[in-house]
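Peer 1: A predicted structure for the sequence below; I have some questions about it.
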Amino acid sequence: MTILDKIIAHKKKEVAERQAQVPVGELVKSPLFNRPTHSLTVALRRPGQAGIIAEHKRRSPRKALSTPA
């Protein structure tokens, strides 16, 4: 099992636990459920405005597990 397989398995378990805590019907009744959404595509294509999407990683989870040769 790779580190990514472990992460996926953990997230699936975490999502199932959270779904058990809060029913979908309760989320639909939330005041934020019907709020207007914003399109990332529209925002990035807006003339006269620049947009940057970036991600900074200090290190890869895969490299953290590898051992020196």
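Peer 2: Nice, I can see it. Note that the structure is predicted; figures quoted are calculated from it, not measured. Numbering: from 1, shown residues only.

Peer 1: This protein: helices as residue ranges?
Peer 2: 3-21, 24-28, 40-45, 61-65 (DSSP state H).

Peer 1: CA-only coordinates of the longest one in CSV, if you can.
Peer 2: Below are the C-alpha coordinates for helix 3-21, written out as CSV (Å, rounded to 0.1, in the frame of the first residue of the first chain):
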residue,chain,number,x,y,z
ILE,A,3,1.3,6.6,1.0
LEU,A,4,-1.4,7.8,-1.4
ASP,A,5,-3.5,4.7,-0.8
LYS,A,6,-3.2,5.3,2.9
ILE,A,7,-4.3,8.9,2.5
ILE,A,8,-7.3,7.9,0.4
ALA,A,9,-8.4,5.2,2.9
HIS,A,10,-8.1,7.7,5.8
LYS,A,11,-10.1,10.4,4.0
LYS,A,12,-12.8,7.9,3.0
LYS,A,13,-13.1,6.9,6.7
GLU,A,14,-13.1,10.6,7.8
VAL,A,15,-15.8,11.5,5.3
ALA,A,16,-18.0,8.6,6.4
GLU,A,17,-17.7,9.7,10.0
ARG,A,18,-18.6,13.3,9.2
GLN,A,19,-21.6,12.2,7.1
ALA,A,20,-22.8,10.1,10.0
GLN,A,21,-22.6,13.2,12.3
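
Peer 1: pLDDT weak spots in the protein?
Peer 2: Scanning the chain for pLDDT under 70 picks out 51, 61-69.

Peer 1: The residue nearest to Ala9 when sequence neighbours are not counted - how many residues pack around it?
Peer 2: Spatial nearest neighbour of Ala9, excluding adjacent residues (Cβ to Cβ, 6 or more residues apart in numbering): Met1 at 8.0 Å. In short, each C-beta sits where N, CA and C put it, glycine included. Met1 sits with 7 neighbouring residues when counted by other Cβ atoms under 10 Å.
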